[in-house]
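[1] for reference, the sequence and a predicted model appear below.
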Amino acid sequence: MKWFLRGISLFIVGLSFYPMDFPGRLITVGVGLLMLLMSFCFATLAVVDEGTGLRMAFGPIPLFQQRVEYIQMEDARIGRTLVIDGWGIHYSIRGGQVWNLWGRDCVEIRLVKGGKLWIGTDDATGLAAFLATRIPIDRKAGR
């Protein structure tokens, strides 16, 4: 996917060599370079334990990241995103925020203050099991 986006963005930059007026050329180059930057920002999704919380970050240029404290989590279970949830960072029609790079396997995290967080991963079983060890015991007992 990232190579497809990079190819499209370079194609758009290449369009700027097509005869056009200056504003059109400037807009074409700008859009192409912005898409190229975004392809590097969304090339990977890292989910990292930071002791007291979980950090999700798209990279290798980490412009988009979020941290959630374990104390804010109520429950974590294996799930699947909907086809229309797609990829990237956005809100799901089922409620909650989606962080997904590829595929439909994810971990659904219910938050204490309401809402959900859907994290796409290649190892949903491993992430759900890890989060089960980090979510406070009193939260699990209250289910």
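    That came through, no problem.
[2] you'd agree P62 is in a strand?
    No - P62: not assigned to a strand; according to DSSP: H, G, I helix; E, B strand; the rest coil it is coil.
[3] tell me the contacts of it?
    Neighbouring residues of P62 by Cβ atoms under 8 Å, 6 or more residues apart in numbering: C41. C-beta here means a position set from N, CA and C on the backbone, and glycine is covered the same way.
[4] so where's the protein shaky on pLDDT?
    Judged by pLDDT under 70, the chain has its weakly predicted residues at 1-3, 5, 138-143.
[5] try 50 this time
    141-143 (pLDDT under 50).
[6] where along it do the helices fall?
    2-15, 22-41, 124-134, 137-141 (DSSP state H).
[7] now those in a markdown table, with distance to R94 and mean neighbour count?
    Shown next, in a markdown table, are the helices of the chain (distance: least, Cβ to Cβ, whole Å; neighbours: other Cβ atoms under 10 Å):
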| stretch | distance to R94 | mean neighbour count |
| --- | --- | --- |
| helix 2-15 | 26 | 14 |
| helix 22-41 | 26 | 15 |
| helix 124-134 | 17 | 15 |
| helix 137-141 | 21 | 10 |
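[8] show me the beta-bridge partners of R110.
    Using DSSP bridges, the bridge partners assigned to R110 are D75, K116.
[9] tell me who's in contact with the residue sitting nearest the centre point of the chain.
    Nearest residue to the geometric centre of the chain (Cα atoms, centre = their mean): W99, 3.0 Å. The contact partners of W99, by Cβ under 8 Å, 6+ apart, come to 45, 56, 58, 66, 89, 117-120.
[10] whichever of those end up buried, select them in PyMOL.
    Buried residues within the contacts of W99, by 16 or more other Cβ atoms under 10 Å, are selected in PyMOL with:
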select buried, resi 45+56+58+117+118+119+120
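[11] show me the contacts of W99 that map onto strands.
    45, 56, 58, 66, 89, 117-120 (DSSP state E).
[12] among the residues you listed, which one lies nearest to D105?
    G120 (6.8 Å; Cβ to Cβ).
[13] could you list the domains of this structure?
    What automatic domain parsing lists as the domains of the chain is 2-41, 70-141.
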